[in-house]
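Q: need a 3D model of the following:
(2 chains)
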Amino acid sequence: MDPPMDFQVVVLAGGTSDKLSPLVSKELPKALLPVANKPLLSYPLELLEASNLKNIIVVVEGDEAATQVESWLSVAYMDRLNVEVVKTPGDVGTVGAIRAVAPFLISTDILIVSGDLVSDTSPGAIAATHRRHGAAVTALFCPAPVSGGADSSTSGGKDKAKKPSRCNIVGLDPTRQFLLHVVSGAKVEKDIHIQKRIVRAVGQMEIRSDFMDAHVYAFKRTVLLDVLEKENLYSIKQDVLPYLVRTQLRSEISAKKENSADESSNGATKELPSEDININSAVPSNQNLRWLSQHREIAPSSYQEIHISDCDMNKSRPAKKTHKCCIYLSGKTQYCARLNSVQAFGDINRDMLGEASRITGYTFSAQNNVVHPTVVQGAKTTAGGQCIIAEGTILGDKCSVKRSVIGRHCRIGSNVKIVNSIVMNHITIEDNCTIQGSVISSNVQIQERASLKDCQVGAGYVITAGSEYKSEPLTKK
Amino acid sequence: MAQKKGGKTAASDDPEELARTPLQAVLLADTFNLKFRPITLERPKVLLPLVNTPMIDYTLAWLESVGVEEVFLFCCAHAEQVKEYIGNSHWGQSHAGFSITTIESNFSMSAGDALRFIEGKNVIRGDFILITGDTISNMSLTEALQAHKDRRKKDPDTVMTMFVKRSKPMPLTHQTRLGNDEIMMAIDPETKQLLYYEDRFDSSKRAVTLDKSLLADNASLYLRTDLEDCCIDICSPEVLTIFLDNFDYQHLRRHFVKGLLHDDIMGKKIYTHEIDSSYTARVDNYRSYDTISKDIIQRWSFPLVPDVLYAGNRAQMRLQREGIYKAPDVTLSPSVRIGAFTAIGSGTIIGENSSVSNSVIGELCTIGRNVSIDGCYIWDSVTIEDGCRLSHSIVCDGVHLHTGATLEPGVILSFKVEVGQNITVPAYSKVSLLPQPSKQDSDEELEYADTNSGVIDSPSIASISPANIEHDHVSSFDTEQSVLLEGGLSGVGYIWTSCETGNEEEWRYSVAPIPVEKLKEFYAKMFDEDESSSDGEQTGITHSGELISESKSTDFDDSDGEYKGDVSKFEKEVEETFERALGGVAEENVQLEINSLRMSFNVTHAECAGAVFQSVIKSAIIASNSSKSNLLKATIDAIERSKGLLSYFITNVDEEIEVILKFEEMCMEITREFAPIFSSVLHQLYDKEVITEDAILKWESEKADADESDKVFVKQSEAFLKWLKEAPEEDDEDE
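A: As a prediction, the model looks like this:
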């Protein structure tokens, strides 16, 4: 078996995000939110495990959340992964989270993964790309989701105002390996400012607005630690990455260790895992311009180059530093989504039932659903396609479940319709209820004849008999 | 929906229409710029020889090869010469592949005017090719033409297809190998639509600004600096109408393309077509002249190469090994060394022990012994006597270099210039028999005005016949031009002061390769720039990740640049107003006029004072007839005459200082003849109470920390300053 790559992984699991209210609570941190009946955090962890990345630090915001995550991890992954949980106070941003774990970082490269990533893009491939280029940072970008059901995709296509706000505006080199410009779409009010220096260096920059930052970054540890020392940084996505991208042709990163990695930059591959990075090695700028333009043929007259190298000879000033910022683009067929809103929670759950069902690891039956053998179904009850019903759930007579996820140990009465909804664990639904497009958190009680449409119900809420709700978040006071 | 409808109607009637129209081309035989001055004062650019064949022949040969059936040749400057040439050449004959119609206009100042004029002629019936007469190409047009027509069918708003070619600019100078400035274009990768166009790279602007809406419509776009504009376009007839509607459009790219893209008018679309394997280049400046000549010799432009191109009644050159082209009747002494990539025209004689390399030599030249020629373009009937050394120069018809003359790199010798014995012509000099027109407009708008101005701009100059000059050996014209040949040595010609770009920039567009020192300088500068910019940006980490601070400073720089341009323009206007005042306009009116100028140009009072003063001094020069003794008197007179005006505009100490500084600047640059009498004039100004002693003393103290070179005038005025300082003390004592 291959030795595990020399990568430490930091999973930013968050805490109890406001954006996901009322679904998350102190009892249920974001990391443990069930997606297709599995805690959200299990998705990145399993992905990492698949790439043999097993040195993992999970950063959780808030004490209680940390305790819960830790206890879950100890049960689920203790024997499989080398996981440590580090807690941070809330609201320190992703940079704060990394600062909190900085003392634990020892490997050459650090992979930072957002804990809400649901994807089948291999982090190992990202790590390998990072290594191959000897990059300071490599970021995963994925095509902006057009998923979330037919309805949302059509509306998304038409609605121009909405589209760029979710995506980033990125600049790529012609080979799509280097990240030359990045700005979050939401921050751009009218004009996009792109440094000419970088465009010149490549000659051709592709600017795209349909890629999304998937919050998976591979950093060189030295770079990361150096950047962390700077002030005014809050978010990796919005501050650190743009900063590194912006300064790639005149790096300000002062790595502490001296090294002699100049030659290694050319042949840097797996053989040099311990090589401490050529970021501060004396790479004169025009060489750097050359690597950016390495893929293009240079105009017939190359006399200029010769002259420039003459200049190199007698340079008396310190060589200019540069660093590489790379990009890993996930393929069109790969699934990549972040669960960072209630909307996304619904979408991702639906995707898990449909197009991205492979990620869940369940085996779907011939009816295209997953019904645990312990589930008890009453007479004339049907579980349609794209459903997951977990163990211990009891369904009464004449129920109909379509395109929904139902958690563990739920008790569902007779003649209940559940369509397009997510029902978590230990929920009681009495007879004659209709639930459409809703999310029902754990321990909710829904009394008879209630009707919910497009609602999010917080944990422990009681919906009284016969009540009707439409498009409302409902939480316990 | 609307688009679809439009598309349908266009599709229904277009095919027949397109089928009927013959392929037309508009060939602009005028470039509406000054880059080839002084040569273009005497001969139109399109007739200048490129490897011994006039440029226009290359263009016409290409048009013929791509199946153009009708060519409209637009002539403006030197229209007679162009017409005559075409009339005598085989292009005008019936057996040429197309019919050629010349359209002549003497009033067109720009490509925009030309197209408006052509629109008026009502000759264009369908899509046409727009090209200038200095373009060399061997590309095929079919694919692009078809693509253009297809796009037109789908979307009638398509007005133009621009040809672009990949050519990466040098990282240091931001120039392509043709010497063109870097262009920034944004292109839609799918449709190849041009979304953004920026030329005239201003290095102070460090960021490109793209409108976000561009990305709303297109998920991706390519931002490219590695493209070169081929200056060949396929245009729809609408282009002419757009020019007609927007009568202020002058330049094809700067106004038309930018106007369409950035001002968002009319939703018209421009597409690009990238050519890859074929050759296309435009002779836009001396550097491209050099590069393209070499490309032709190295046969990149095949079949447009010297031994294939139709030579008419001239002797065809033949290609020999090592890229040497020779006409059959060349006379070379056996000891002549001909280096690689050289062309020698018929009837040329080269004497013993001379060496020629990387050069083009025209017809009927006589080259003496021990001459060395490297990287030069020597046109027809040039006489080069023994022992001359020429490197990287252009030598026009009829030039005579006397024994031992040396041309340093970048020299341009216009028609019939003579260089005397053992004279060295300094690098980047431009020498012409015609004096430089005194009205050099550095102003961009007027750049267009002048290719034809050899005739219009300076009638007084045109009236001086070369014969005249030859006799007096050029000594009296020394206001704006310095004289080449001092000491009565034989030689004829004026050295032109560099016009637009200033001497420092001369190397950029010169025939000579960029000197290594320059590159080093640039290399160094790149570092400094980086240092400074990175300093600035350390604070630039913002939460948005946007370069906020940078974009702000950019805007500022920008407006600053404009503003400075305005000041010189303003000065010019003031000067003109002042000249009119000398012609007898009432002083009040002049005051009023200058004041309104000041407001419209938005310059400060101090600058205005400086400009008025400058005009006064300049009027003195004219009055003095440039003799030194007269000058002081004339200046005093001029000051006396305009005292009212001056005191009206010069009201406080700051303005007075500005006037002194202005005067100093003038003495160092434009009107050097004032330098010796600086202090006398200063004294006069004091006496006439135009300038107070406060201002003078302040000026002195301001200059105290300046460089030695800056203090020349302070030193000169030392006596006066001393007197000034003593005088008030006496006053004090009196009180």
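Q: pLDDT score assigned to the closest residue to chain A within the stretch 251-400 of chain B?
A: Each residue of the stretch 251-400 of chain B has a distance to chain A, by Cβ to the nearest Cβ, and the smallest belongs to B:Thr291, at 7.8 Å. No exception for glycine: its C-beta is placed from N, CA and C like everyone else's. pLDDT, the model's per-residue confidence, is 91 for B:Thr291.
Q: can you count the residues close to it?
A: By other Cβ atoms under 10 Å in any protein chain shown, the residues close to B:Thr291 number 20.
Q: repeat that for the one 10 residues further on.
A: Look at B:Ser301: counted by other Cβ under 10 Å, it has 24 neighbours.
Q: what sits against the closest residue to it other than its chain neighbours?
A: If the residues on either side of it in the chain are set aside, B:Ser301 comes closest to B:Tyr279, at 4.7 Å by Cβ to Cβ, 6 or more residues apart in numbering or on different chains. The neighbourhood of B:Tyr279, defined by Cβ atoms under 8 Å, 6 or more residues apart in numbering or on different chains, consists of B:136-139, B:295, B:300-302.
Q: for PyMOL, what selects the buried ones among the residues you listed?
A: Isolation of the buried members of these (16 or more other Cβ atoms under 10 Å in any protein chain shown) is achieved in PyMOL through the command below:
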select buried, chain B and resi 136+137+138+139+295+300+301
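Q: quick revisit: what about the residue of the stretch 251-400 of chain B closest to chain A, which helix or strand?
A: In this structure, B:Thr291 sits in helix B:286-297 according to DSSP states H and E.
Q: quick check: the gap between the residue of the stretch 1-150 of chain A found nearest chain B and A:Leu41.
A: Proximity of the stretch 1-150 of chain A to chain B (Cβ to the nearest Cβ) peaks at A:Ala144, 8.5 Å away. As judged by Cβ to Cβ, to the nearest Å, A:Ala144 and A:Leu41 stand 24 Å apart.
Q: tell me which of the two has more neighbours.
A: It is A:Leu41, of A:Ala144 and A:Leu41, that has more neighbours when counted by other Cβ under 10 Å, with 28 against 20.
Q: hmm, back to that, farthest pair in the contacts of B:Tyr279?
A: By the measure Cβ to Cβ, B:Met139 and B:Asp295 form the most distant pair in the contacts of B:Tyr279, at 13.7 Å.
Q: quick one, strands of the stretch 551-700 of chain B?
A: Per DSSP state E, counting those that start in this stretch, the stretch 551-700 of chain B carries no strands over any range.
Q: okay, now the unreliable bits of the stretch 551-700 of chain B?
A: Scanning the stretch 551-700 of chain B for pLDDT under 70 picks out B:551-567, B:583-585, B:623-629.
Q: the stretch 51-200 of chain B too?
A: Counting by pLDDT under 70, the low-confidence segments of the stretch 51-200 of chain B come to B:94, B:200.
Q: ok, back up a step: what's the helix holding B:Thr291 packed up against?
A: Of the remaining helices and strands, those touching helix B:286-297 by 3 or more Cβ pairs under 8 Å, 6 or more residues apart in numbering or on different chains; DSSP states H and E are strand B:49-50, strand B:135-137, strand B:280-282, strand B:377-378.
Q: can we see that at 7 Å?
A: The helices and strands touching helix B:286-297, judged by 3 or more Cβ pairs under 7 Å, 6 or more residues apart in numbering or on different chains; DSSP states H and E, are strand B:49-50, strand B:280-282.
Q: may I see these organised as CSV, with mean pLDDT and mean neighbour count added?
A: As requested, the helices and strands packed on helix B:286-297 are arranged in CSV below (pLDDT from 0 to 100; neighbours: other Cβ atoms under 10 Å in any protein chain shown):
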stretch, mean pLDDT, mean neighbour count
strand B:49-50, 91, 21
strand B:280-282, 90, 23
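Q: want to try CSV for those strands, with distance to B:Asn122 as columns?
A: As requested, the helices and strands packed on helix B:286-297 are exported to CSV (distance: least, Cβ to Cβ, whole Å):
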stretch, distance to B:Asn122
strand B:49-50, 33
strand B:280-282, 28
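Q: sorry, back to before: quick one: mean pLDDT for the helix or strand following the helix holding B:Thr291?
A: Heading C-terminal from helix B:286-297, the first helix or strand you meet, by DSSP H and E, is strand B:318-320. Taken as a whole, strand B:318-320 carries a mean pLDDT of 88.
Q: which positions within strand B:318-320 qualify as buried?
A: Residues of strand B:318-320 classed as buried under the neighbour-count rule (16+ other Cβ under 10 Å) are B:Leu319.
Q: partners of the residue nearest to A:Gly15 when sequence neighbours are not counted in the sheet?
A: Leaving out its chain neighbours, the residue that sits closest to A:Gly15 by Cβ to Cβ, 6+ apart is A:Glu61, at 2.9 Å. Per DSSP bridges, residues listed as beta-bridge partners of A:Glu61: A:Thr88.
Q: which residues touch the strand or helix carrying A:Val183?
A: Counting by DSSP H and E, the secondary-structure element that holds A:Val183 is strand A:179-184. Defining contact as Cβ atoms under 7 Å, 6 or more residues apart in numbering or on different chains, one finds that strand A:179-184 is touched by A:139, A:168-173, A:192, A:194, A:198, A:202, A:205, A:207, A:237-238, A:241-242, A:245, A:325-327, B:545-546.
Q: just after it, pick out the following helix or strand.
A: Scanning forward in sequence from strand A:179-184, with DSSP H and E defining helices and strands, the next element found is strand A:191-195.
Q: just give me the neighbour total for the closest residue to A:Gly384 other than its chain neighbours.
A: Ranked by Cβ to Cβ, 6+ apart and with sequence neighbours excluded, the top spatial neighbour of A:Gly384 is A:Lys402, at 4.1 Å. Using other Cβ under 10 Å as the criterion, A:Lys402 is surrounded by 17 other residues.
Q: relative to chain B, how far out is A:Lys402?
A: From A:Lys402 across to chain B, the span is 34 Å (Cβ to the nearest Cβ, to the nearest Å).
Q: what bridges to that residue?
A: When assigned by DSSP bridges, A:Lys402 has beta-bridge partners A:Val419.
Q: that one touches A:Ala383, doesn't it?
A: No: under the criterion of Cβ atoms under 7 Å, A:Lys402 lies out of contact with A:Ala383, with a separation of 8.3 Å.
Q: burial measure for residue 384, as a count.
A: By default, I'm working from chain A. Other residues lying near A:Gly384 total 15 when counted by other Cβ under 10 Å.
Q: that's the wrong chain, I wanted chain B
A: Other residues within reach of B:Ile384, judged by other Cβ under 10 Å, total 29.
Q: with B:Gly120 instead?
A: B:Gly120 has 12 neighbouring residues, counting by other Cβ under 10 Å.
Q: report the buried residues of the helix or strand where it lies.
A: Assigned by DSSP H and E, B:Gly120 belongs to helix B:111-121. For helix B:111-121, the buried set under the neighbour-count rule, 16+ other Cβ under 10 Å, comprises B:111-119.
Q: need the three-state assignment for the most centrally placed residue in chain B.
A: Centroid check for chain B by Cα atoms, centre = their mean gives B:Lys35 as the closest residue, at 3.7 Å. Each residue gets one of three states, and B:Lys35 gets coil by DSSP: H, G, I helix; E, B strand; the rest coil.
Q: equivalent analysis for A:Arg208, please.
A: At A:Arg208 the chain is in strand, as set by three-state DSSP.
Q: isn't it right up against B:Ser220?
A: Yes: under the contact definition of Cβ under 7 Å, A:Arg208 touches B:Ser220, with a separation of 4.0 Å.
Q: the more surrounded of these two?
A: Counted by other Cβ under 10 Å, A:Arg208 and B:Ser220 do not tie: A:Arg208 has more neighbours, with 24 against 16.
Q: for that one, list the residues it contacts.
A: Taking Cβ under 7 Å, 6+ apart as the definition of contact, the neighbours of A:Arg208 are A:170, A:172, B:219-220.
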